[in-house]
Structures are given as structure tokens and as C-alpha cells.
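here are the coordinates; sequence isn't available:
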Ligand SMILES: [Zn+2]
Ligand SMILES: [Zn+2]
């Protein structure tokens, strides 16, 4: 699964004329393998050993290249650092308020909301964002134990 997605992603990069460097390859692979919505810093830490000359800024710049060709989505939450999501299909996020973990889930049919919003406000709707907040299973368990 990872290999197929990685191949597809590299094909997309080639088509858009983006050069595939070993670093870019490694960053992409990390995004696809872990699907954990990492920050640039987390990716940097994971790849630091393999690429000692790479800086967080390099990782961030590469992520922006991927974002610009539509391979990843940049998720921004207030002033905390951006998280990056490899784009597979449209999905929503459940976000843990304690540890910040983001979990994907699929839910069909919010197109209706866009239609209604467009109708009511006269906006040409480009997209919407829905997030579910709460405690992830691990944090929930921790809390129950400490009671
Ligand atoms: Zn949590
Ligand atoms: Zn996601």
C-alpha cells in the first residue's frame, strides 16, 4: 500500500516538474507510512539521523512544495505549528484536546451543507472544514485511571 502510494506520489511530482531528491523521497515516505499528520519538526526528528545536513527549514520547504502540487494538505490550528496530511481522499479529523493527536475518519454527504451555505449566503463555496474535538482513547483511559 505504501509502495503504491509512494510511486503515485513520485509520478505526480515528476509530472509537475518537481525534482525528486533523496530527502523529498524520505519525507514523502514518512508521510505515507505514518499517516500521523506530523509537524515539520516531527519529520525532521525522524529523519535527522539519515540526513544530518537537513534542517527543519528544509523539511518545511519540501512540505510546501508537496502542498503546492496538491500532494499534502497543510493543517493550521491557531498559532501552533502546521501539521501535514498526505492527501488520499477527503476525510475529516477528530482531534484530541489533550495530546493533539489527529485521527482520520470518513463521513459522507456534507455537500448538502455547502449547497445550503451557498444558497443562504450567496457565497461561491470552495470547501469546508469540520473537526471533532475530544479525548482520544489513550487519553481517556489515562484520565479514568487517575480518578
Ligand atoms: Zn490524546
Ligand atoms: Zn487526515
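Yep, it's here. All values derive from a computational prediction rather than experimental measurement. Ligands and ions are numbered 1, 2, ... in the order given.

Using the three-state scheme, assign the residue nearest the centre of the chain.
Of all residues in the chain, the one closest to the mean position by CA atoms, centre = their mean is residue 85, 1.3 Å from it. Judged by DSSP: H, G, I helix; E, B strand; the rest coil, the three-state class of residue 85 is strand.

residues contacting it?
Counting by CB atoms under 8 Å, 6 or more residues apart in numbering, residue 85 makes contact with 31, 37, 72-75, 102. C-beta: built from backbone N, CA, C; applies to glycine.

Around ligand 2, pick out the residues from the chain.
85, 104 (CB under 5 Å from the ion).

Domain-wise, how is the chain divided?
What the record gives for the chain is the domain set 1-88, 89-147, from automatic domain parsing.

Make a markdown table from those and add mean pLDDT to it.
Below are the domains of the chain laid out as a markdown table (pLDDT from 0 to 100):
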| stretch | mean pLDDT |
| --- | --- |
| domain 1-88 | 90 |
| domain 89-147 | 89 |
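
Comparing these, which comes out most buried?
The highest average neighbour count among those, using mean count of other CB atoms under 10 Å, belongs to domain 1-88 at a mean of 15.

Can you give me the first-to-last residue distance of it?
12 Å (CA to CA, to the nearest Å).

For residue 121, see how far away the residue lying closest to residue 14 once chain neighbours are set aside is.
Using CB to CB, 6 or more residues apart in numbering and skipping residues adjacent in sequence, the residue nearest residue 14 is residue 20, 7.0 Å away. According to CB to CB, to the nearest Å, residue 20 stands 43 Å off from residue 121.

What values do phi and psi take at the residue nearest to residue 47 when sequence neighbours are not counted?
Leaving aside its chain neighbours, residue 47 sits nearest to residue 26 (5.4 Å; criterion: CB to CB, 6+ apart). For residue 26, the backbone dihedrals are phi -70, psi -40 (criterion: degrees, to the nearest 10).

contacting residues around residue 26?
47, 50-51.

Of those residues, which belong to helices?
Judged by DSSP state H, the subset of the contacts of residue 26 located in helices is residue 47.
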